[in-house]
Structures are given as C-alpha cells and as structure tokens.
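Asks: Sequence first, predicted model second:
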Amino acid sequence: MDKITRWLAEHEIAEVECLVPDMSGNARGKFTPTDKFLKQDSRLPESILVQTVTGDFVDEHNELVDPADTDMLLVPDPDSVRLNPWANDPTAQIIHDCYTRDGRPHPISTRNILKFVLEKYLLKGWKPIVAPEVEFYLVKRNLDPDEKLSAPVGRSGRTEKTRQSYSIDAANEYEPIIEDMYDFCEAQGLDADTLIHESGTAQMEINFLHGDPLQLADQIFTFKRTVRETALRHGIYATFMAKPMEDEPGSALHLHQNVIDVKTEKNIFVDETGKENSKFLHFIGGMQKYTPGFISFFAPNVNSYRRFTPEMAAPTSLHWGYDNRTTGLRVPDSSPQGKRLENRFPGADCNPYLAIAASLACGYLGMINKVAPSAPYQGDCSMEPVTLPRTQEHALNLLSECEEAAEMFGRKFVKAWSAIKRDEYEEFNRVISSWEREYLLLNV
Ligand SMILES: NC(=O)CC[C@H](N)C(=O)O
C-alpha cells in the first residue's frame, strides 16, 4: 500500500476509481475520495462479478454468488495504478483483486482466472509472454438500435471496392481522435505501439508491445475504456463488437504468445540452435485440440460467431500455418528468441482476462499432454469447410463437454459463465429479427 500512497500523494490525487472487471471485461466499481480510500478496506457486493453487457444476471438458484450478496474484499494492485486523464479532478484508476470474505481469491473474478492459469505455468518454471492486437470501429452516434447503428464514420465514404488496409491517408482522416487516443494512452502508461487503418471503413488496429499477460490484460481493459471515452469526446462511438456490420470485416483481438523459462529467460519454444522444438509443436497441438472447448471465451457474445466467415481474414477452422493469415493459428516469421504463435480466434468483444487465460490454458494443456499438431496448412485456408462453432449454443455445449476447462478455470467459474451465457442466448433467441419478418411474415 505504501507504493500506492506515495503515488497518490505525488500526483495530488483527489479521487480514486476502484475498478473491478466484470464477466464481460467491463469496468465496474466505485469512486472514493483519496483520504477515505487510504483509511478503509475497500469492499463491493459480490454480484458485480456476474454482471455482463446485458445487465445484471439474476442468480435464481443462489448458486453462483452468496445468496445474501455479501461484500467481497478488494485489494488494490499497485502495478495497476494509473492516472485517469479524462477526469476533471485529479483522479487515479486502480484495478482491484477480489477476495472472498474468508480471504480466498474470488473464484468468479475473471482477473483471478488469468492468475490461476499463470500460476500453473509458474509451477513448471515457465512464464508466458503475450502481445495483443486490438481492432475496433469508429461509428456514428445513433441510439436507435433498429437503424444501422454502426454506419462507419468517414468523409470519404469508402466502400468495399476501395478497402485498403494500412492506408495512411485513411488513418490521417481520423487524426484528431487518434492523437487524443495516443495522448491518453501515454498519460496512462499504456504500451500502445503502432496504429494502422484496417481494411474496414473506419476500422483501426492498435498493436501492444509484448509483455506480462496480466499487465497486458489490464492494459486492454484500460485501453477499451480509453478508446470509448476519446470517441465520445469527438461526438462519435467506438465499438469493439466482433461483427458490427454485415458487409465489413469483423474486429479481432489477436494474441501473439510465447513462453520463457523463468530462470534463463530463454524462449522455451526453440532449442539451443534456435530451431523450434517439440514444446512449440505441442503448444500448437494444444491450441488445436482445446480451442473448441474454450471457444466461448474467444467468442463470448451471440454476435461473435458472425465473425467466423471465410471472407475477411477471420478464422473458420483449427488449421495452423507458417506466416499464413488465413489460418486461425499463425506462426509469424521471427528471430529464434521471438518464436511465437499468433492466436487469431478471439474477437475484439472478448473479456481480455478470459481470452488470454483460455489461450494460454490451451497451449499449456498441449505441452503437458504432449498433443501433436496437424501438418501445417499451406495455401488459402478460407477454402476449407467451416468447422468452428457458428452459434453460442454450440460453443457452450462444447464447453460443458470440456473437463479441462473446468480444471483450469474452476468448476464454479465455468458454471457461472455457462449460466450467464445461456441466459443471454435464450434472450437473443426470443427476439424475432427483421430478417424473419421480411421473408416469413407474409410468405409462409
Ligand atoms: N488484421 C487482420 O488480419 C484482420 C483480422 C480480421 N479483422 C478478423 O476479424 O479476424
């Protein structure tokens, strides 16, 4: 706490945002005046952990959280203290770890789930390293959900024909927003590296520098808030929805991952001569074998499954390949120390703690169980049959059959996640879509 106290004093902080990521990876919490924050233990009701983008989850059977909705204990993580650059008064934002009242890491906190997976690595003397890339769209403000909410912004009215990844002119068009975004990132110490204009109109991608998985999950959590806030200040919205527009590419959260030996800090995916070794192949094998069971963490919303279509550089099957962007698992060209696997399955809409935890869990299981991968895929993999689940229901059924997911994430967590996501799926299914009305109302 000393480190935090000093930091708050140094920055003359008046208020502290005590933040906890919810099930969707969004920020929940409370504001506390600094003096109160320093004097009291922080507490919040346990039920915020089961909140999602669709609102509060009603725990009918009182199984997931304590029926009395007791407070859980919050412990601020000194490594997550950041300035909130858009607040009026000097404000700090601090991510908190959640504990049960008897002092155990809370089993339903998504940040804890990532920590559980990292502990498994540590027991083997390993430390994973990740580098995320996050895509998002800037969209016009429109509060009517029946209208095309997500019309992209842009003077040039680019269409599919003129779609250009990496276009500097397109990125320049959004320069004022992007400049503010960078300023805010810098003020918060986020390692946002390069920004490019992606192939969708007004679609951007930010690459993060590689580093510690928990730190980077915290950074993405903070970055999403930052991007939404910056866009609002410019009178537009930013969306991390996986597939916001039918005719534009979806948005991904690609994860580059490798593992180092804690003692030597050497990449365990290569041997002394720099050649990739069996651990690397088993890591890939694990990603192939266990991704179906864990896919609901890469694709957490009903909309996420619309992204898995063969066009637009999104994955549709479990193949892997060398420097092949049509496969869901890609081995980029690299130096030996940089040998890594890019997981292209997660959508930008995922909870970064859970997506990173799931991805590392699959690789870990592959190494532990020595799972052999298929042969690397050559050529255009988007021509292959779609084998990834196309619905949330299918993904949740795969999760329920995956004993390893319950072992890695904890039974209570998987139960909570499944209950919440099935509930959302049922709610979505109740809604008669405009497509159904258009084609079926008068024709069947
Ligand atoms: N940068 C890319 O490779 C495009 C990825 C694509 N937008 C997806 O949804 O997966």
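Replies: That came through, no problem. Numbers count the residues shown, from 1 in each chain.
Asks: For the chain, which segments are assigned as helices?
Replies: 2-10, 34-39, 110-123, 168-173, 175-187, 213-233, 278-298, 352-368, 392-400, 403-409, 411-430, 434-440 (DSSP state H).
Asks: any idea which of the ones you listed scores lowest on pLDDT?
Replies: Between those, the one with the least mean pLDDT is helix 168-173; it has a mean of 60.
Asks: Model confidence for Asp102, exactly?
Replies: Listed pLDDT for Asp102 reads 88.
Asks: Sorry, wrong one. I was asking about Tyr166.
Replies: pLDDT at Tyr166 comes out at 53.
Asks: Just give me the neighbour total for the residue in the stretch 1-150 of the chain positioned nearest to the ligand.
Replies: Nearest to the ligand, among the residues of the stretch 1-150 of the chain, is Glu135, at 5.4 Å (CB to the nearest ligand atom). Glycine gets a C-beta too; all of them are placed from N, C-alpha and C. Glu135: 22 surrounding residues under other CB atoms under 10 Å.
Asks: Find the residue at the geometric middle of this protein.
Replies: Nearest to the geometric centre of the chain sits Pro352, at 2.6 Å (CA atoms, centre = their mean).
Asks: List the residues that contact the nearest residue to that residue once chain neighbours are set aside.
Replies: In space, and not counting its chain neighbours, Pro352 is closest to Ile220: 3.9 Å by CB to CB, 6 or more residues apart in numbering. For Ile220, the contact set (CB atoms under 8 Å, 6 or more residues apart in numbering) comprises Pro132, Val134, Phe208, Leu253, Pro352.
Asks: Also Ala14?
Replies: Taking CB under 8 Å, 6+ apart, one finds Pro33, Thr34, Asp89, Pro90, Thr91 in contact with Ala14.
Asks: Now tell me which of those residues the prediction trusts least.
Replies: Lowest pLDDT within the contacts of Ala14 is found at Asp89 (91).
Asks: thought it was touching Glu15?
Replies: Yes. Asp89 is within contact range of Glu15, at 5.7 Å (criterion: CB atoms under 8 Å).
Asks: The two: who's more crowded?
Replies: Higher neighbour count among Asp89 and Glu15: Glu15, with 19 against 11, using other CB under 10 Å.
Asks: just checking, Asp22 touches Ser47?
Replies: No. Using CB under 8 Å, Asp22 is not in contact with Ser47; the gap is 10.0 Å.
Asks: For stretch 421-441, buried residues please.
Replies: Buried residues in stretch 421-441, defined by neighbour count with 16 or more other CB atoms under 10 Å: Lys421, Glu424, Tyr425, Phe428.
Asks: Glu119 versus the last one, what's the distance?
Replies: From Phe428 over to Glu119 the distance is 35 Å, taken as CB to CB, to the nearest Å.
Asks: How about the residues of the protein by the ligand?
Replies: Counting by CB under 6 Å from any ligand atom, the chain comes close to the ligand at Glu135, Glu198, Pro249, Gly250, Ser251, Ala252, Arg307, Ala313, Ala314, Arg325, Arg344.
Asks: Narrow those to those in strands?
Replies: Those of the residues of the chain next to the ligand mapping onto strands are Glu135, per DSSP state E.
Asks: Just the closest of the buried residues of stretch 421-441 to Thr291, please.
Replies: Lys421 (16.9 Å; CB to CB).
Asks: Tell me how far the residue lying closest to the closest one once chain neighbours are set aside lies from the ligand.
Replies: Distances taken as CB to CB, 6+ apart place Leu396 nearest to Lys421, at 5.7 Å, with adjacent residues excluded. Distance, Leu396 to the ligand, by CB to the nearest ligand atom, to the nearest Å: 21 Å.
Asks: show me the contacts for Leu396.
Replies: Per CB under 8 Å, 6+ apart, neighbours of Leu396: Ser296, Ser418, Lys421, Arg422, Tyr425.
Asks: Looking at those residues, which is nearest the ligand?
Replies: Ser296 (17.1 Å).
Asks: my read: that closest one touches Lys421, true?
Replies: Yes. If you go by CB under 8 Å, Ser296 and Lys421 touch, sitting 6.2 Å apart.
Asks: what sits in contact with each of those two?
Replies: Common neighbours of Ser296 and Lys421, using CB under 8 Å, 6+ apart, are Gln392, Leu396.
Asks: pretty sure Cys362 contacts Ile295?
Replies: No. Assessed by CB under 8 Å, Cys362 is found out of contact with Ile295, at 9.8 Å.
Asks: Have a look at those two and say which one is more surrounded.
Replies: Counted by other CB under 10 Å, Cys362 and Ile295 do not tie: Cys362 has more neighbours, with 32 against 27.
Asks: residue contacts, the more buried one?
Replies: By CB under 8 Å, 6+ apart, the residues touching Cys362 are Gly286, Met287, Lys289, Tyr290, Thr291, Phe294.
Asks: so who does Arg330 touch?
Replies: Per CB under 8 Å, 6+ apart, neighbours of Arg330: Trp320, Gly321, Tyr322, Asp323, Asn324, Leu341, Glu342, Arg344.
Asks: for Ser138, what are its contacts?
Replies: Slight slip there: residue 138 is Leu, not Ser. With CB under 8 Å, 6+ apart, Leu138 has these contacts: Pro152, Val153, Tyr174, Ile177, Ala202, Met204, Ala231, Ile236, Tyr237, Ala238.
Asks: again, 6 Å this time
Replies: By CB atoms under 6 Å, 6 or more residues apart in numbering, the residues touching Leu138 are Val153, Ala202, Ala231, Ile236, Ala238.
Asks: of the residues you listed, buried ones?
Replies: Burial by neighbour count, 16+ other CB under 10 Å: within the contacts of Leu138 this picks out Val153, Ala202, Ala231, Ile236, Ala238.
Asks: Just the pLDDT for the second one.
Replies: In the predicted model, Ala202 carries a pLDDT score of 84.
Asks: Could you report the distance from it to Leu138?
Replies: 4 Å.
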